[in-house]
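Asker: quick one: sequence plus predicted model below, questions after.
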Amino acid sequence: MLTGIDAITYGVEDLAQCRKFLDDWGLRKVLSTKHSARFETMDGTEVRLRPHDAKLLPPAMEPGSTLREVVWGIKNKRSLDALLKRFSRNVSFTEGKDGVARITDPNGLTLAFRLTLRKPFSVYGAAINTPGSPQRVDVPSPIYERATPIQVGHVVLFVSDLSESEAFYTEVLGFQVSDRYPRHGIFMRCAPRGGHHNLFLLKSPTGRPKLNHVAFTVRDIHEVFGGGLHISRQGWETQLGPGRHPISSAYFWYVNSPCGGLAEYYADEDYLTENWQPRNFERKPELFAEWAVIGGFDGITRRQKTDK
């Protein structure tokens, strides 16, 4: 059984700038050399940086800084063996001496699979008080000066052939469909029980594959705000947020990332089980965001940014 995203690797054009971004983003720096860097989230999910022209990097699915590999964690050796057996019947793969198996998805993105190295964690988000049912008594809601991401929750990709990509992830890897924009996009999770999606595939408007964003989970809506305000104070540009996705129920804040695509803070997504029935949605703005702020808030004034 897949447990989620264990690691991601970016190939980047400006290593120093990307180091600073991930540090400002709230990740813990584990290793930094002239030619690489490695950061971790709270649960030990790795975020790796390499120069985009490094020889050991997997091939890129697009020019410039972008995602080069996603490592999916597996619960135990029996599950890993079962997955490799499935690979042997459906796709070509390589298995390294480190026990990591690698395949390439239909869009040219390298996927790796290993026994999970993520650590157990225990965090609590702010409880919500509703009339007649207070959940937070004699305790104020938290205020976060910055975010400390818990894990890499999902990746969003523009894909060349949506049907081919869906078949690959569901039939070869065993992903579950959570919801759909028919002919336009598919929300998927890597196990029957878990957050609304670990992967969102969108039909590419150009026909070429491309990274859209990588999303990092935080504790609650207050940490989404705290992280977004901090990243704004550090000079990074908000693309959209804060806001709320009605399909997954999650609160979000998107920032332009020098590592490639966007980076997202998000919290409070729906938790699904094997009883969930996928829904179909028409693709329209109000279903992407129930509400959202274009350009974010100024980190100093804590007010919406203006051109004045």
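Answerer: Yep, that arrived.
Asker: all strands for the stretch 151-300 of the chain, in order.
Answerer: 151-159, 176-181, 185-189, 194-195, 199-203, 210-217, 238-244, 251-256, 262-267, 271-272, 279-280, 291-294 (DSSP state E, counting those that start in this stretch).
Asker: just the mean pLDDT for stretch 49-68, thanks.
Answerer: The average pLDDT within stretch 49-68 is 96.
Asker: returning to what we had before: adding mean neighbour count, mean pLDDT and distance to residue 43, write the strands of the stretch 151-300 of the chain out as a markdown table.
Answerer: The C-beta positions use only the backbone N, C-alpha and C, and glycine is treated the same way. Shown next, in a markdown table, are those (neighbours: other C-beta atoms under 10 Å; pLDDT from 0 to 100; distance: least, C-beta to C-beta, whole Å):
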| stretch | mean neighbour count | mean pLDDT | distance to residue 43 |
| --- | --- | --- | --- |
| strand 151-159 | 23 | 98 | 5 |
| strand 176-181 | 21 | 97 | 22 |
| strand 185-189 | 23 | 98 | 17 |
| strand 194-195 | 20 | 98 | 13 |
| strand 199-203 | 22 | 98 | 18 |
| strand 210-217 | 24 | 98 | 9 |
| strand 238-244 | 21 | 96 | 23 |
| strand 251-256 | 23 | 98 | 20 |
| strand 262-267 | 24 | 98 | 15 |
| strand 271-272 | 17 | 98 | 17 |
| strand 279-280 | 10 | 97 | 29 |
| strand 291-294 | 13 | 95 | 28 |
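Asker: quick one, helices of this structure?
Answerer: Per DSSP state H, the chain carries helices over the ranges 15-25, 77-90, 162-167, 221-233, 285-288.
Asker: want to try CSV for those helices, with mean neighbour count as columns?
Answerer: Formatted as CSV, the helices of the chain follow (neighbours: other C-beta atoms under 10 Å):
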stretch, mean neighbour count
helix 15-25, 19
helix 77-90, 13
helix 162-167, 16
helix 221-233, 23
helix 285-288, 12
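Asker: of all those, which one is nearest residue 267?
Answerer: Among the helices of the chain, helix 221-233 comes nearest to residue 267, with 5.3 Å by C-beta to C-beta.
Asker: low-confidence stretches in the stretch 51-200 of the chain?
Answerer: Of all residues in the stretch 51-200 of the chain, none has pLDDT under 70.
Asker: tell me which residue of the protein is furthest from the middle?
Answerer: Note on the chain: the largest C-alpha distance from the chain mean falls to residue 132, namely 36.3 Å (C-alpha atoms, centre = their mean).
Asker: next one: it from residue 138, what distance?
Answerer: According to C-beta to C-beta, to the nearest Å, residue 132 and residue 138 sit 17 Å apart.
Asker: quick revisit: mind putting the strands of the stretch 151-300 of the chain into JSON lines with distance to residue 125?
Answerer: Formatted as JSON lines, these follow (distance: least, C-beta to C-beta, whole Å):
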{"stretch": "strand 151-159", "distance to residue 125": "14"}
{"stretch": "strand 176-181", "distance to residue 125": "21"}
{"stretch": "strand 185-189", "distance to residue 125": "20"}
{"stretch": "strand 194-195", "distance to residue 125": "14"}
{"stretch": "strand 199-203", "distance to residue 125": "23"}
{"stretch": "strand 210-217", "distance to residue 125": "10"}
{"stretch": "strand 238-244", "distance to residue 125": "15"}
{"stretch": "strand 251-256", "distance to residue 125": "11"}
{"stretch": "strand 262-267", "distance to residue 125": "7"}
{"stretch": "strand 271-272", "distance to residue 125": "13"}
{"stretch": "strand 279-280", "distance to residue 125": "25"}
{"stretch": "strand 291-294", "distance to residue 125": "20"}
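Asker: now do the longest strand anywhere in the chain and strand 185-189, the angle between them.
Answerer: Longest strand in the chain, counting residues (DSSP state E): strand 2-12. Orientation check (axes from the mean of the first three to the mean of the last three C-alpha atoms, to 10 degrees): strand 2-12 against strand 185-189 gives 120 degrees.
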